[in-house]
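> Here is a sequence together with a model predicted from it:
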Amino acid sequence: MGYRSGFKAKMYMGTTLVKGVLDITLPFSRNEIQVKSRESVWVKYLKGLIDVPIDFTIHYDPADASFQALQAAFLSDADDSYVNIEFTDNVKTAATWRGIKADWEVTKFEKADPMEDVSDYNVSIRLSAAAGTEPTVTQNESSD
């Protein structure tokens, strides 16, 4: 079994590696559709739609282009204010990596100023319906 350190996970906006990203959580889940009938005493389920509500923390850096893009997408009311982001479990130049790429709406951009740490922003993103695109699961499985 292979193990991979969490710090190798990366976040890209377009082709740019985003700097200053700390903890990233990608909680893939499916809605549960309950199926009940009088023919069984068991509650059964079908898989529903997939949801990927992603949360991450990024260092406060108002001069960084990625930080600016996330902030602008959050503050904008325009229909096309989504951001194209790809999350991978390794750098894309590595021999193997997997990830998800999609257009995302920035739904939370929360500043945190702890007494004994640097200023960060807690960010939440959700799949964009306005973009009209589907997410893609990306991977490189070369044997190099």
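Thanks, I have the structure now. What you see is a predicted model; the values in this text were computed from it and never measured.
> Could you check how many residues crowd around K19?
K19 has 13 neighbouring residues, counting by other C-beta atoms under 10 Å. Placement of C-beta: from N, CA and C, glycine included.
> On the strand side of things, show who the spatially most central residue of the chain bridges to.
When C-alpha atoms, centre = their mean is applied to the chain, the residue found nearest the centroid is I54 (4.0 Å). With DSSP bridges applied, I54 shows beta-bridge pairing to I125.
> which residues touch it?
Residues counted as contacts of I54 (C-beta atoms under 8 Å, 6 or more residues apart in numbering) are 24-27, 87, 104, 124-126.
> what do you get for A65?
By C-beta under 8 Å, 6+ apart, the contact list for A65 reads T16.
> Tell me the pLDDT of it.
You'll see A65 listed with a pLDDT of 95.
> what's the answer for the one 3 residues further on, then?
Per-residue confidence at Q68 stands at 96 (pLDDT).
> same question, S142
55.
> before we move on, what about S5?
Reading off the confidence values, S5 has pLDDT 74.
> ok so, going back, with distance to L46, neighbour count and pLDDT as added columns, please give the contacts of I54 in a markdown table.
Conversion of the contacts of I54 to a markdown table gives the following (distance: C-beta to C-beta, whole Å; neighbours: other C-beta atoms under 10 Å; pLDDT from 0 to 100):
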| residue | distance to L46 | neighbour count | pLDDT |
| --- | --- | --- | --- |
| I24 | 30 | 17 | 89 |
| T25 | 26 | 10 | 87 |
| L26 | 23 | 14 | 86 |
| P27 | 20 | 9 | 89 |
| F87 | 28 | 23 | 91 |
| W104 | 27 | 24 | 96 |
| S124 | 28 | 17 | 96 |
| I125 | 27 | 25 | 96 |
| R126 | 23 | 16 | 96 |
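> Closest one of those residues to R38?
P27 (35.1 Å; C-beta to C-beta).
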